[in-house]
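S.K.: dropping a prediction and its sequence here:
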Amino acid sequence: MNIKTIQNILSYHEKYWEKHRKEMRRFKAAYETNFWDEQGVSPYRDTQLQVQVSEGYNFIESYMASLFAKHPAVVLKSGLQNKGNAAKAGFIANEFLEKSRHEIEAASRMALIYTHSFLKLIPAVSDVLLQKVLPVAIPPWEVILDYDASRWDLQKFVGHIYYMTVEEADARFGKKDWVGMSKVSTEYFSKGATEDYETPSSTFEYIKIIEMYDMADDQLLFYSPNWRENKILEKSPVGIPFKSWDGKSAIPIVPFYFNHIPDVPLEGYSAMKRVYDQIFEMNIIRSFQANAVRKASRQYLVKKGSIDADQMAQITAGIDGIFIEIEEENMDGIIKPLPQNPTPPELDLYYAHVTADKDKGSIMAPFTRGEATKVSATEAAALAAYTSSEIGRLARERDGVIEALTKSYFQVLGLYLSEGETSLIYINNKLQSVTVEDIMGDFQVYASDSSSTPMSEALIKGQLLNNIPTLIELGVPKELVLDEVVRVLNLPETFKADAIKQYMMKQMAAQAPQTDPNIPNVPGLQGVPQPLPTSTQVAGNPSAQSIAPLLPGGLR
C-alpha cells in the first residue's frame, strides 16, 4: 500500500462521515437533551419558550438497562487442535474483562446512538504484564473500513484515526516539520467551527495520525497529513505484529454492531434513527403547549375614564370585601374579560399518535418503560417473553463482542510474551507462570451469561418457583429441588440440602443425652441413658463402643 492509496482511502472515509455528521450530531443532541441547541438559534428564542423532552435518553437507556453485564466473563474450552492452556487463559481473560466493563458499556451506548462503535486494545505503561493492555471505546468515524468486504475478517484494510500532540509525535516518530492543528479542529462534532487560534507552545498543537493495517500485504503503516513532506511516517519491519494462534495477522480492533444494513454488512444502523422524527415532533408540541399555557392569563378590557388609577390598583390587588365607587349609572360594559383561544383538541390527539409511533419504534414492552398497563398476567408474560427474546438477540451481539475482545486480547498479550515478558499468577492457590503457548490456543470462547438478560432471568426464576409442586409430585427429590432453588435465586450456600443436613446432625448431637464411656456395659446399666463421650475421651480410647454414640443411628 503506497501513499496515494492511503490518501484515497482517507479521502473517501472523510467524505462519508462528513455526509453523516449532521445526522450523528442530531442523534447525540437528542440523547443529551440538547435538541434545541442543535437546531440553531430560533428567531423567536427570546420571546418563545423552547421545551426539550428526555425521550432520547429514555429510549437508549431502556436498552442499556436490559443489556448491562455486572461482570463480563467468558468460559474457555479447548479447540480441535488442543492448543493452549484453557485454565490459565480463562483466568487471565476474566481478570481482563472484569476491568473492562465500563469500556464495554460505553461502546454499547455508542452503538445504539450512532450506527456502530469499536473497542481497541492499546498499550499502557505498567510493570505488570497483565496490565499492559487496556481497551478503549472508539466512535465509528475514527475507524476506516473496507465497505466492499462481506465480513469483518475479509477486509483488505482497516485504519484507525487518532490525534496526538506535537511533542508526543516527536517522541514517537522523531522530529518532523509538522503543521499543527487546534484542539477544536480535532473534534468530529466541532468541524467547521471558527476559533481564534494562537498556540503558545507545541503542547497544545495536535497531529492527525492514520494507523493503517494492510491485510492484503501484511503491513502496518503510519501516515499523517500534517507532515509537510507528505510521506509515510513509519512502516513496521515485521509487518502486522499481532498474530492469532495459527499465525494469521490480527487487528487489535473489535467491531460492535447491534444492527447491520443488509446489503452492506459493515455499515451499521442507529437505534436512535427509528424514533428521532417522533422525538422531534414531541419537542415541537411541548414547546407550543408551554407557550400556550403562559399566554392563558386572565386579561380584561376596561372602559376608558370609568375607573381611575387608584381604583384600578385596588382591583388588581384582589383585596377581599373591598368596595369601589364609580360614577357610571350603567354597570354594563365597564369591564369585560378578554376571550381566550383554547388549544385545539387535535393537538392532544396528535401528541398521542406521535407517542404511539415512538413506542412502536421500540421493541421494549410498555411495562419495561415504567408505564402502567391493564393487561392480564398471561399477556404480560407473553410481552415479557417477546421483549426478552428481542433483547436476547441484542445481548447475543454484545456477547459476540466480548468473545472477540477476549481473542484479540490474547493476540496482543502474546506479542509481549513472545518478546520475553513473563508473569506469575495464582490459580487455585498455586503460583504458576504464563507463557505465550498458554494463551495462544485455538480456544472456543463463550460469554458466561449465555446472552441472558435481567428480564429472562426473572422469567426463569418465576417458572421454577411455580413448578416446584409439580416437580415434587413427579418424584424429584426435595433435596435436588432445594439445591436448584438456591442456585437460581443466588441464595447462600448454607441453604443447600447438604448444609442443612449437617446443621441438623450437629443440633441433634448437641441435644442427645451424654454417656460416660467409663461406665461398664453391664446388664444392669444397659437401659440407663449414658452421656455422650467427649472428643478427648474418644481420642484417648478409640473403639467401636466409644464412637457409636457420636454416629446418627449408632453402628450397624
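M.R.: Yep, it's here. Numbers count the residues shown, from 1 in each chain.

S.K.: can you pull up the most central residue in the protein?
M.R.: Centroid-nearest residue in the chain: Glu105, 2.7 Å away (criterion: CA atoms, centre = their mean).

S.K.: are we agreed that that one is in a strand?
M.R.: No: assessed with DSSP: H, G, I helix; E, B strand; the rest coil, Glu105 is helix; it does not lie in a strand.

S.K.: residues contacting it?
M.R.: Contact analysis of Glu105 by CB atoms under 8 Å, 6 or more residues apart in numbering lists 64, 68. All C-beta spots, glycine's among them, are computed from the backbone N, C-alpha and C.

S.K.: what score does it have for pLDDT?
M.R.: You'll see Glu105 listed with a pLDDT of 91.

S.K.: how close does it get to Gly268?
M.R.: Taking CB to CB, to the nearest Å as the measure, Glu105 falls 18 Å from Gly268.

S.K.: cool, Lys28 as well?
M.R.: Lys28 is 15 Å from Gly268, where distance means CB to CB.

S.K.: likewise Ile92?
M.R.: Here Ile92 is placed at a distance of 31 Å from Gly268 (CB to CB).

S.K.: likewise Gln219?
M.R.: Remark: distance between Gln219 and Gly268 (CB to CB) = 27 Å.

S.K.: same question, Ala87
M.R.: With distances taken as CB to CB, Ala87 is found 36 Å from Gly268.

S.K.: Ser297 should be in a helix, yeah?
M.R.: No: going by three-state DSSP, the assignment for Ser297 is coil, not a helix.

S.K.: pLDDT score assigned to it?
M.R.: As predicted, Ser297 sits at a pLDDT of 72.

S.K.: Thr373 too?
M.R.: At Thr373 the predicted local confidence, pLDDT, stands at 58.

S.K.: returning to what we had before: more neighbours: which of Ile92 and Gly268?
M.R.: Between Ile92 and Gly268, Ile92 has the larger neighbour count (other CB atoms under 10 Å), namely 24 against 20.

S.K.: which ones are touching that one?
M.R.: Neighbouring residues of Ile92 by CB under 8 Å, 6+ apart: 130, 413, 425, 434, 439.

S.K.: just the buried residues from these, in ChimeraX please.
M.R.: With 16 or more other CB atoms under 10 Å as the criterion, this ChimeraX line picks the buried residues out of these:
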select :130,413,434,439
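
S.K.: looking at the contacts of Ile92, which one is closest to Ala313?
M.R.: Using CB to CB, Leu130 is the member of the contacts of Ile92 that lies nearest Ala313, at 79.5 Å.

S.K.: thought the closest one was touching Phe96?
M.R.: Yes: using CB atoms under 8 Å, Leu130 is in contact with Phe96, at 7.1 Å.

S.K.: pLDDT weak spots in the stretch 1-150 of the chain?
M.R.: 38-47, 69 (pLDDT under 70).

S.K.: would you map the helices across it?
M.R.: Under the criterion DSSP state H, counting those that start in this stretch, helices of the stretch 1-150 of the chain are mapped to 3-19, 21-31, 35-39, 55-67, 86-98, 101-113.

S.K.: so which of the ones you listed comes closest to Lys304?
M.R.: When the helices of the stretch 1-150 of the chain are compared by CB to CB, helix 35-39 sits nearest Lys304, at 41.9 Å.

S.K.: among the helices of the stretch 1-150 of the chain, which comes closest to Tyr213?
M.R.: Minimum separation from Tyr213 across the helices of the stretch 1-150 of the chain (CB to CB) falls at helix 3-19, 11.5 Å.

S.K.: and that closest one, what does it pack against?
M.R.: Where contact means 3 or more CB pairs under 8 Å, 6 or more residues apart in numbering; DSSP states H and E, helix 3-19 is packed against strand 143-144, strand 157-165, strand 206-214, strand 219-223.

S.K.: still on that earlier bit, and the helices of the stretch 1-150 of the chain as TSV, adding distance to Met505?
M.R.: Converted to TSV, these look like this (distance: least, CB to CB, whole Å):
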stretch	distance to Met505
helix 3-19	70
helix 21-31	59
helix 35-39	67
helix 55-67	45
helix 86-98	35
helix 101-113	43
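
S.K.: Leu349: which of the ones you listed is closest?
M.R.: Comparing the helices of the stretch 1-150 of the chain against Leu349 with CB to CB, the closest turns out to be helix 55-67 (18.6 Å).
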